[in-house]
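A.B. asks: let's see this in three dimensions:
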Amino acid sequence: MTSDDTRMARLFSQVAQGVDPGDRLEELLAEARDRSGRSSRRRLAAVGVVLVVASVLAAFAVARGDSTRTSPQPAAPALPVPSTASDPDATGPGTAVTVYYLSDTPDGPRLFREVRVVDGSPLDGAVRAAAGRDERGRKQYPVDTDYRSVWPPLTTASARLAADGVIEVSLGGDPQRDLRSRGYLPAQEAGLAVEALVRTAQDAAGQRLPVRLLLFDRPTDQILGVSTAEPLDAAPDRGVLADVSLTDPAENLLVDQDEALVVRGLGRTAGGAVTVGLVPVTGDEPVVERTARSEEGGDGLRPFVVTFDLTGIAPGDYDVVARAPDPSGSGLPHTDTRTITVVD
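C.D. replies: Presented below is the predicted three-dimensional model:
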């Protein structure tokens with residue numbers, strides 16, 4: 001990604017928070033993607049920027065005149081974000097929640113986490129974001145342009161804690177596009193979309209409660225081709241979550257040169273080591289690199305943290321790149337990135 005691309009993506013991402021690209025445009029894009037096949041992560045990012053450009057222009061003109069259910073699993077390590085577990089149905093402004101999105105890895109699509117701030121009920125806001133909508137029902141994209149929500153256009157979502165101890169997530173949307181079928185989605189991505197919704201709801205509730213998926217507030221036997229006749233639990237981490245996932249810093253963060261940059265995330269490697277580097281967006285080699293060891297070993301994802309002194313780092317745009325070696329030995333590492341700007 002070039003420096004200009006990064007600045008453009010940052011500007012449009014901020015503007016897009018208050019602009020609706022238009023549901024018809026989303027539907028046409030989905031149909032076009034169906035015809036042309038899957039694109040690369042960077043190509044998807046470019047498409048997202050194009051959509052936001054169209055939205056900004058339209059707004060300016062107006063202003064001027066086959067996944068399977070698994071048995072319950074232990075909770076994954078909690079992200080270091082404000083907890084909503086005390087009352088996930090409580091309403092209030094500015095609550096941080098963890099939302100799961102898809103992105104690509106050398107082993108195929110996997111789930112990554114992004115911390116978002118939602119208004120109102122944290123549980124409701126979190127599942128809405130996972131389905132690609134904000135509190136006003138407008139299309140909402142992940143802040144990190146490497147991530148994506150693959151739910152069909154016009155999909156809506158709401159959630160509540162039911163009296164029988166399950167989380168109920170009700171989905172809706174365009175009656176002409178049946179959410180029972182996965183449509184143009186590959187089976188693996190359809191399964192991960194449902195998994196993302198389940199994990200997002202469980203994290204927002206603060207408990208690994210079963211998740212009952214409804215369609216227009218009614219029971220349904222499947223969603224996106226995934227069986228939902230019974231409440232769902234999170235699948236095992238391996239094969240679902242990426243081997244490395246950043247928590248901090250946030251995408252597009254401005255960092256003062258005089259302040260330390262703290263990088264946090266979750267990783268899974270044979271030796272527990274994750275390499276973290278600071279790479280100029282106009283280059284390929286890191287200007288500084290550290291090896292972070294996770295707190296514990298084992299097969300699951302474990303927290304890691306590393307701190308960078310930015311005193312000698314020139315101001316500019318950088319990618320924070322976390323890299324975990326491929327346990328299969330293929331030589332293709334799993335990575336996650338955040339773009340930041342170092343200022344004087």
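A.B. asks: list the buried residues in stretch 237-245.
C.D. replies: 237, 240-245 (16 or more other Cβ atoms under 10 Å). Quick note: C-beta positions are derived from backbone N, CA and C, even for glycine.
A.B. asks: out of these, which sit inside strands?
C.D. replies: Within those, residues falling in strands by DSSP state E are 244-245.
A.B. asks: with the buried residues of stretch 237-245 in mind, which one is nearest to Ala314?
C.D. replies: Val244 (26.4 Å; Cβ to Cβ).
A.B. asks: ok, the closest residue to that closest one other than its chain neighbours - how many residues close by?
C.D. replies: Spatially, and ignoring its direct neighbours in sequence, Val244 is nearest to Ala324 (3.9 Å; Cβ to Cβ, 6 or more residues apart in numbering). Each residue near Ala324 was counted by other Cβ atoms under 10 Å, and the total is 27.
A.B. asks: do Val117 as well
C.D. replies: Residues lying near Val117 (other Cβ under 10 Å) number 14.
A.B. asks: part of a strand, is it?
C.D. replies: Yes: per DSSP: H, G, I helix; E, B strand; the rest coil, Val117 lies within a strand segment.
A.B. asks: residues in contact with the nearest residue to Pro210 once chain neighbours are set aside?
C.D. replies: In this structure, Pro210 finds its nearest non-sequential neighbour in Pro231, 3.4 Å apart by Cβ to Cβ, 6+ apart. The neighbourhood of Pro231, defined by Cβ atoms under 8 Å, 6 or more residues apart in numbering, consists of 166, 210-212.
A.B. asks: could you do Gly265 as well?
C.D. replies: Gly265 is in contact with 244-248, 274, 303-304, 322, 336, counting by Cβ under 8 Å, 6+ apart.
A.B. asks: which one among those residues gets closest to Gln222?
C.D. replies: Comparing the contacts of Gly265 against Gln222 with Cβ to Cβ picks out Ser245 as the nearest, at 28.5 Å.
A.B. asks: how much space is there between the closest one and Phe216?
C.D. replies: Distance, Ser245 to Phe216, by Cβ to Cβ, to the nearest Å: 33 Å.
A.B. asks: go on, Pro236?
C.D. replies: Taken as Cβ to Cβ, the span from Pro236 to Phe216 is 31 Å.
A.B. asks: burial of Asp146, as a residue count?
C.D. replies: Neighbours around Asp146, by other Cβ under 10 Å: 22.
A.B. asks: the strand or helix carrying Glu289 pairs with which strands?
C.D. replies: In this assignment (DSSP states H and E), Glu289 forms part of strand 288-293. According to DSSP bridges, strand 288-293 forms sheet pairs with strand 273-280 (antiparallel).
A.B. asks: least confident secondary structure element in this structure?
C.D. replies: helix 41-63 (a mean of 38; mean pLDDT, DSSP states H and E).
A.B. asks: and the helix or strand that that one is followed by, what does it pack onto?
C.D. replies: Following helix 41-63 in sequence order, the next helix or strand is strand 95-105 (DSSP H and E). Here strand 95-105 touches strand 108-118, helix 122-130, helix 187-205, going by 3 or more Cβ pairs under 8 Å, 6 or more residues apart in numbering; DSSP states H and E.
A.B. asks: how many degrees apart are strand 95-105 and strand 108-118 in direction?
C.D. replies: Between strand 95-105 and strand 108-118, the angle comes out at 160 degrees (axes from the mean of the first three to the mean of the last three Cα atoms, to 10 degrees).
A.B. asks: and strand 95-105, what's buried?
C.D. replies: Applying 16+ other Cβ under 10 Å to strand 95-105 flags 95, 97-105 as buried.
A.B. asks: what's the lowest-pLDDT member of these?
C.D. replies: Of all the buried residues of strand 95-105, Thr95 carries the smallest pLDDT score, 88.
A.B. asks: tell me the contacts of Arg110?
C.D. replies: Neighbour list for Arg110: 102-104, 192, 240-243, 334 [criterion: Cβ under 8 Å, 6+ apart].
A.B. asks: scratch that, Gln222
C.D. replies: Going by Cβ under 8 Å, 6+ apart, Gln222 touches 180, 228-229.
A.B. asks: distance to Trp151 and mean pLDDT added to the helices and strands packed on strand 95-105, as JSON lines?
C.D. replies: Output for the helices and strands packed on strand 95-105, formatted as JSON lines (distance: least, Cβ to Cβ, whole Å; pLDDT from 0 to 100):
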{"stretch": "strand 108-118", "distance to Trp151": "14", "mean pLDDT": "93"}
{"stretch": "helix 122-130", "distance to Trp151": "8", "mean pLDDT": "95"}
{"stretch": "helix 187-205", "distance to Trp151": "6", "mean pLDDT": "96"}
